[in-house]
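1. following is a predicted model, sequence given first.
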Amino acid sequence: MNKLNVKKGDRVRIISGKDAGKEGKIMTAFPSKERVIVEGCNMVTRHVKPRRQGEAGGRIEQAGTIHVSNVQLVCPNCKMPTRVGHAIVEKNGKQVSVRVCKQCGKQID
């Protein structure tokens, strides 16, 4: 199973593609495909047929997936886009891996 450095609810900045420079929150992460859906970014048009009588069809704008290499986590402490490091910290007597900001060195989780 692939492990991503970002997860659902994280604030990220798009660093590549048509939406480069935009920021948004991760709505869904797909670790097996190494892709994420960021709210308000990579909007695609989907053509939908009416499925039931009385239901409207048409074109729907929805957020498409973005490869995880094209997004960069925004640190909640220093508010800067940053690379993610990992550190082993002891919590409740157990060794736990936590994400660390490479800019300011503080824990993200």
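-> In hand now; what should we look at? As the structure is a prediction and not an experimental result, all values here were calculated from the model.

2. can you show me the strands along the protein?
-> Secondary structure of the chain, counting by DSSP state E: strands at 11-14, 23-30, 35-38, 43-48, 58-63, 65-67, 71-74, 81-82, 84-91, 94-101.

3. please name every helix or strand in contact with the shortest one.
-> Using 3 or more C-beta pairs under 8 Å, 6 or more residues apart in numbering; DSSP states H and E as the contact test, the elements touching strand 81-82 are strand 71-74. (C-beta placed from N, C-alpha, C; glycine too.)

4. of the strands of the chain, which is nearest N2?
-> When the strands of the chain are ranked by distance to N2, counting by C-beta to C-beta, first place goes to strand 23-30 at 9.4 Å.

5. how about the closest one: buried residues?
-> Residues 23-24, 26, 29 are the ones in strand 23-30 that count as buried (16 or more other C-beta atoms under 10 Å).

6. what sits opposite V84 in the beta ladder?
-> C101 (DSSP bridges).

7. bridging residues for the residue minimising distance to the centre of the chain?
-> For the chain, I26 is the residue whose C-alpha lies nearest the centre (C-alpha atoms, centre = their mean; 3.6 Å). Taking DSSP bridges as the rule, I26 bridges to V38.

8. same thing with V89?
-> On the basis of DSSP bridges, V89 takes part in beta bridges with V96.

9. wait, doesn't it sit right on V96?
-> Yes: the pair V89 / V96 is scored as a contact, 5.7 Å apart, by C-beta atoms under 8 Å.

10. measure I26 to V48 for me?
-> Plainly put, I26 is 25 Å away from V48 if you go by C-beta to C-beta, to the nearest Å.

11. scratch that, I60 is what I was asking about
-> Summarising the geometry, the distance separating I60 from V48, computed by C-beta to C-beta, is 5 Å.

12. got the contact list for the nearest residue to I14 once chain neighbours are set aside?
-> Across the structure, with C-beta to C-beta, 6 or more residues apart in numbering as the measure, the residue nearest I14 apart from its sequence neighbours is K22 (5.0 Å). For K22, the contacting residues are 13-14, 38, 40-41, by C-beta atoms under 8 Å, 6 or more residues apart in numbering.
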